[in-house]
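S.K.: Provided below for reference: sequence and predicted model.
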Amino acid sequence: MTMTVRDLRGLSGLPTTKMGVHKWLSANKIPVQPNGQRLTFALSDLPAPVRLAYITRQFEATDLPGGTYDDAAHEAFAYLPPKMRAEAERKAEIARLLVAAGKMLTGLQKAALARQRFGDEGTSMISLRRIERAVAGVDPINFAPALVAKYRLDGAPRKAVSPAALSLFMTIIRDAGPQFPLKQAWCDVRDLKVVKGWDWPCWSTIRRHWNSLPEAQKLHARYGHEETAKRLAQPAMRDKTSILPLEWVSLDGRTKDFWAHSGDGKARRFTFLALVDCATNFVLAWELAESENARSTVRLIKRACENWGIFDRLYPDNGSAFAGHLVAGGAVHKFRNAKTKMQGVKPLGICHHLGIAIHFALPGNGQAKPAERCFASLSRVIDDRPEFKGAHAGHKPGAAPDARVVPVDLD
């Protein structure tokens, strides 16, 4: 219900002047809206004592007894959203008009009077009958809480669903493919509900139930435990601000897509080995080798240390070329060759001799290697260059050349 300053004047405890009411509204932080030369505000925004005083005065003006104030109902009413309170207050004013009119007016006359005072919204004959039923037996002073009680904060009551039917529905989704339609699973259960005597509501109800499930449960039903854990795993956020140059160096290799020969005419897909500084993404050293092997890796580490100095930590994956004795011999922990069959003296790798600590990436976690990001960027600008036209046989690691593939010279 919309009010003006004039409606508040004369209430107990409020200023008696227009300016005083203006200051009181501002001090109590009550939202006001200009309407011509007047300021308007909502009845539901007023403090509870002032709202009660205004309603009581309205009752006295219409000779309508207020009744007993329901503290619990009004306390719950105060915690409702402002929009719901404002709508309930408007309905309460309509209800008081209907009760005050009593049997002196017909239903059509009441509807016409309500539309004249409150507008067309919510003043139809059906709406007015609904309001009268809602306040039947309620004291007029408690009309607003009574008219908002029809709103259910927890939604409508859920329809009965048999646990066995719901279990079959989830089992069908689990055993079917990830793209299996949910509605078809609902249809499969629907076809059995008469035979089994199950409670199985309409499709829209089951769809709302499915949408209300936690995302993890829906993914688990669709894709299984392993894929769900992979999709919900929180990515590790790297922070390079505390890393110094040459403190962490990433080592990795990637087989190129194009075919080349080293002068003997034999086509090979050479492997690009690279050492990348994690702090700066700078490529310290690189080499095109016939394969990802330990000797080329040792040569690469030596060249990087000769040009830039010995770095602190090496961060490779678990490939045999990097976890072998030539590179990682003497490392405290590694995923390959952890127990050598050699008795007596165990070979020590180049990292042990240079004092470089080795930290291996977890198996199957290639995304954790910074060098992978470097390879992805370089592949776009190198592998598909016009110089290598005709030297491709596909991007798969096991692709073999055919007669149409012309390898380029390694140089």
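M.R.: That came through, no problem. Please read all numbers here as calculations on a predicted model, not as lab measurements. Numbering: from 1, shown residues only.

S.K.: residue boundaries of the strands in the stretch 101-250 of the chain?
M.R.: Secondary structure of the stretch 101-250 of the chain by DSSP state E, counting those that start in this stretch: the strands cover 248-255.

S.K.: quick one: low-confidence ranges for it?
M.R.: 101-105, 149-158, 236, 238 (pLDDT under 70).

S.K.: quick check: longest helix of the chain.
M.R.: Looking across the chain with DSSP state H, the single longest helix is helix 82-101.

S.K.: Which secondary structure elements does that helix sit against?
M.R.: Helix 82-101 sits against strand 38-42, helix 48-62, helix 71-78, helix 107-118, helix 125-134, helix 143-148, with contacts defined as 3 or more Cβ pairs under 8 Å, 6 or more residues apart in numbering; DSSP states H and E. In this view, the C-beta of every residue, glycine as well, is placed from N, C-alpha and C.

S.K.: With respect to His22, which of these lies nearest?
M.R.: Each of the helices and strands packed on helix 82-101 has some distance to His22 by Cβ to Cβ; the shortest is strand 38-42, at 7.2 Å.

S.K.: Could you tell me which residues within the closest one count as buried?
M.R.: Neighbour-count burial for strand 38-42, counted by 16 or more other Cβ atoms under 10 Å, picks out 39, 41-42.

S.K.: and those as TSV, adding distance to Ile358 and pLDDT?
M.R.: Formatted as TSV, those follow (distance: Cβ to Cβ, whole Å; pLDDT from 0 to 100):
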residue	distance to Ile358	pLDDT
Leu39	75	82
Phe41	72	80
Ala42	70	81
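
S.K.: tell me which of the residues you listed is nearest to Glu75?
M.R.: Nearest member of the buried residues of strand 38-42 to Glu75, counting by Cβ to Cβ, is Ala42, at 19.4 Å.

S.K.: Leaving aside the residues adjacent along the chain, what's closest to that closest one?
M.R.: Ala86 (5.2 Å; Cβ to Cβ, 6 or more residues apart in numbering).

S.K.: And the one you found, how close does it get to Arg51?
M.R.: Distance of Ala86 to Arg51, given as Cβ to Cβ, to the nearest Å: 12 Å.

S.K.: Look up the residues that both of those two are in contact with.
M.R.: Listed as contacting both Ala86 and Arg51 by Cβ atoms under 8 Å, 6 or more residues apart in numbering are 43-44.

S.K.: Could you pull up the residues touching the residue lying closest to Ile173 once chain neighbours are set aside?
M.R.: Leaving aside its sequence neighbours, Ile173 sits nearest to Ala221 (Cβ to Cβ, 6+ apart; 4.9 Å). Going by Cβ under 8 Å, 6+ apart, Ala221 touches 170, 173-174.

S.K.: before we move on, what about Gly67?
M.R.: Here Gly67 is in contact with 139-142 (Cβ under 8 Å, 6+ apart).

S.K.: From the residues you listed, list just the buried residues.
M.R.: 140-142.

S.K.: Just send those residues back as a markdown table, with distance to Lys183 too.
M.R.: Formatted as a markdown table, those follow (distance: Cβ to Cβ, whole Å):
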| residue | distance to Lys183 |
| --- | --- |
| Pro140 | 50 |
| Ile141 | 51 |
| Asn142 | 46 |
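
S.K.: Scan the contacts of Ala221 and report the most crowded one.
M.R.: In terms of neighbours by other Cβ atoms under 10 Å, the contacts of Ala221 top out with Ile173 at 20 neighbours.

S.K.: Check the gap between that one and Gln179 for me.
M.R.: From Ile173 to Gln179 the distance is 11 Å (Cβ to Cβ).

S.K.: what does Ile356 give?
M.R.: For Ile356, the distance to Gln179 - Cβ to Cβ - is 49 Å.

S.K.: the more surrounded of the two?
M.R.: Remark: of Ile356 and Gln179, Ile356 carries more neighbours, 19 against 6, as counted by other Cβ under 10 Å.

S.K.: Not counting residues beside it along the chain, what's closest to that one?
M.R.: Spatial nearest neighbour of Ile356, chain neighbours left out: Leu314 (5.3 Å); criterion: Cβ to Cβ, 6+ apart.

S.K.: returning to what we had before: now the contacts of Ala221 in a markdown table, with distance to Asp7?
M.R.: Shown next, in a markdown table, are these (distance: Cβ to Cβ, whole Å):
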| residue | distance to Asp7 |
| --- | --- |
| Met170 | 58 |
| Ile173 | 59 |
| Arg174 | 63 |
